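In: give me coordinates for this.
(one chain, ligands or ions: 1)
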Amino acid sequence: MNRVHNFCAGPCTLPESVVAELADELPDFGDSGMSLIEMSHRDPVYDEVHHETMTLLRELCSVPDDFSILLLQGGASLQFAMVPMNLLGDGRSGTAGYVVSGSWGKKAIADAELVGGTYAAWTGADEGFRRMPTRDELTIEDNTRYLHVTSNETIGGIRLPDFYNLDVRQVADMSSDYLTRPIPWDRFDVVYGGAQKNLGPAGLAVTFVHRSVLEATPGRLPAYLRFDTHADNNSLANTPPVFAIWATGKVLRWIKQNGGVDGMQQRAAERSTMVYDAIDDSGGFYRSPVDAASRSHTNIVFRLPTEELEAKFLSEAETNQLMNLKGHRSVGGIRASIYNALPTTSVTALTGFMATFVAENG
Ligand code: PMP
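Out: Sure, this is the predicted structure:
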């Protein structure tokens, strides 16, 4: 099979070995005479799959015992609502501060505003979302229940260089940098993200919730929207996204074999540096709109001198099997998403192409 170089921002490239295993095991799972996606989620055969994914998440992310792992549907987008519903909702006191660092931070605060008191602890809107704020730039009001950060803004290509160390509890959307760096658990109440970038296929969101949040769940909340519903039922309160959980387990096993989170962190730093070097060494032909200290390790955005050259770049990239490099429709330009499973050979192919393109068009 001819695998192209797929720089898609999500859903993303999965390890080739995982895709092959899924195809191989799908029709007759564990000699059961049926595929896993046709089986009851109460079947002991499925239970083993569910358990393995949970166990690998706990092990690889070093999740302490006082956090529950929830396997949910609705993507990270539903977490934009579930977080304030569970932490702020139902007349609870306190407000939530949001770091508005780009498109995803904006969406997160927009949903929270519908539920409870919120404020922007910082916004990068006036600067065009070029960077993350330092600790000193944050305004944290009295009576703040939590501060929400987007650890990596997928569209703007900016990354929080280090998690903040604050007096208030924090919540992080780690959709686009899950398992690319360790999580300092003692600072967080909730960490969440969609699986479809660094963990597996679409259809699954992984949310980690501290016990104290579960114990204080508001009374008036529909069952699915309550974190404790899922924690109390090992994420089997309703039918879980079985295919995505199965595939994610396989990707986690692959991550474990490739050095775990430390391995992925080093991989992300090295591979993003290769592309940033290609940008910085191009004599100004390629331009990164992002402040150097906030450069993402997973979503690398850059511009060319004109939109015509960008269109030519994208078209010739596709001829070279370098796919899905177009920037998000809201910002244009080029974006290379380099998540955990993308082979390093794809990154080398991209930097090689960038060098050739600048030599021919610069
Ligand atoms: N947050 C971030 C940082 C994202 O990149 C995305 C998806 N691109 C979302 C949230 C929304 O995720 P989902 O599509 O899983 O709802």
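In: please, which helix or strand holds Gly203?
Out: Assigned by DSSP states H and E, Gly203 falls within no helix or strand.
In: what do you get for the one 5 residues further on?
Out: With secondary structure defined by DSSP H and E, Phe208 is part of strand 205-210.
In: show me what that strand is packed up against.
Out: On a contact count with 3 or more Cβ pairs under 8 Å, 6 or more residues apart in numbering; DSSP states H and E, strand 205-210 meets strand 67-72, helix 75-87, strand 188-194, helix 227-232. For the C-beta atoms, the positions are set from N, CA and C on the backbone; glycine is no exception.
In: mean pLDDT added to the ones you listed, as a markdown table?
Out: As requested, the helices and strands packed on strand 205-210 are exported to a markdown table (pLDDT from 0 to 100):
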| stretch | mean pLDDT |
| --- | --- |
| strand 67-72 | 98 |
| helix 75-87 | 98 |
| strand 188-194 | 98 |
| helix 227-232 | 98 |
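In: now tabulate those in CSV and tack on distance to the ligand.
Out: Formatted as CSV, the helices and strands packed on strand 205-210 follow (distance: least, Cβ to the nearest ligand atom, whole Å):
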stretch, distance to the ligand
strand 67-72, 10
helix 75-87, 3
strand 188-194, 3
helix 227-232, 16
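In: export those to TSV and tack on mean neighbour count and distance to Phe353?
Out: As requested, the helices and strands packed on strand 205-210 are exported to TSV (neighbours: other Cβ atoms under 10 Å; distance: least, Cβ to Cβ, whole Å):
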stretch	mean neighbour count	distance to Phe353
strand 67-72	22	38
helix 75-87	23	31
strand 188-194	24	29
helix 227-232	20	44
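In: dump those to CSV, plus distance to His210.
Out: Listed next are the helices and strands packed on strand 205-210 as CSV, based on distance: least, Cβ to Cβ, whole Å:
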stretch, distance to His210
strand 67-72, 6
helix 75-87, 10
strand 188-194, 5
helix 227-232, 10
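In: show me what secondary structure element comes after the strand holding Phe208.
Out: That would be, after strand 205-210 and using DSSP H and E, helix 211-215.
In: flag every buried residue along that following helix.
Out: Val213, Leu214 (16 or more other Cβ atoms under 10 Å).
In: other residues contacting that helix?
Out: Contacts to helix 211-215, defined as Cβ atoms under 8 Å, 6 or more residues apart in numbering, come from residues Asp66, Phe67, Ser68, Asn86, Leu87, Asp189, Val190, Phe227, Asp228, Ala231.
In: tell me the one of the residues you listed nearest Leu22?
Out: Of all the contacts of helix 211-215, Leu22 sits closest to Ser68, with 27.3 Å by Cβ to Cβ.
In: where does the nearest residue to Ser77 once chain neighbours are set aside sit, in terms of helix or strand?
Out: In space, and not counting its chain neighbours, Ser77 is closest to Lys107: 7.3 Å by Cβ to Cβ, 6 or more residues apart in numbering. Per DSSP H and E, Lys107 falls inside helix 103-113.
In: could you say what helices and strands whichever helix or strand comes after that helix packs with?
Out: Later in the chain than helix 103-113, the nearest helix or strand by DSSP H and E is strand 118-123. For strand 118-123, the packing partners by 3+ Cβ pairs under 8 Å, 6+ apart come out as strand 95-100, helix 103-113.
In: and the shortest one, what does it pack against?
Out: To tie it back to what came earlier, the one meant is strand 95-100. helix 103-113, strand 118-123, strand 144-150.
In: just tell me which of the ones you listed ends up closest to the ligand.
Out: Checking those against the ligand by Cβ to the nearest ligand atom gives helix 103-113 as the closest, at 3.8 Å.
In: mean confidence (pLDDT) on the closest one, please.
Out: Average pLDDT, helix 103-113: 98.
In: quick one: work out the angle between it and strand 144-150.
Out: 150 degrees (axes from the mean of the first three to the mean of the last three Cα atoms, to 10 degrees).
In: among the helices and strands packed on strand 95-100, which is the most enclosed?
Out: strand 144-150 (a mean of 24; mean count of other Cβ atoms under 10 Å).
In: quick one: Pro27 is in a strand?
Out: No: secondary structure of Pro27 (DSSP: H, G, I helix; E, B strand; the rest coil): coil, not part of a strand.
In: for this protein, give me the ranges with low pLDDT.
Out: Scanning the chain for pLDDT under 70 picks out nothing.
In: strands of that one, residue ranges please.
Out: 5-6, 67-72, 95-100, 118-123, 144-150, 152-153, 158-159, 170-173, 188-194, 205-210, 299-302, 322-323, 334-337 (DSSP state E).
In: relative to strand 118-123, how tilted is the fifth one?
Out: Computed by the same axes, to 10 degrees, the angle separating strand 144-150 from strand 118-123 equals 50 degrees.
In: could you do the third one as well?
Out: Interaxial angle, strand 95-100 versus strand 118-123 (the same axes, to 10 degrees): 30 degrees.
In: and strand 95-100, does that touch the ligand?
Out: No: interface with the ligand: strand 95-100 contributes nothing (Cβ under 6 Å from any ligand atom), its closest point being 12.3 Å away.
In: contact partners of that strand?
Out: By Cβ under 8 Å, 6+ apart, strand 95-100 touches 84, 87-88, 105-106, 108-109, 112, 116-125, 132-133, 138-141, 143-150, 168, 171.
In: sweet, I'm off.
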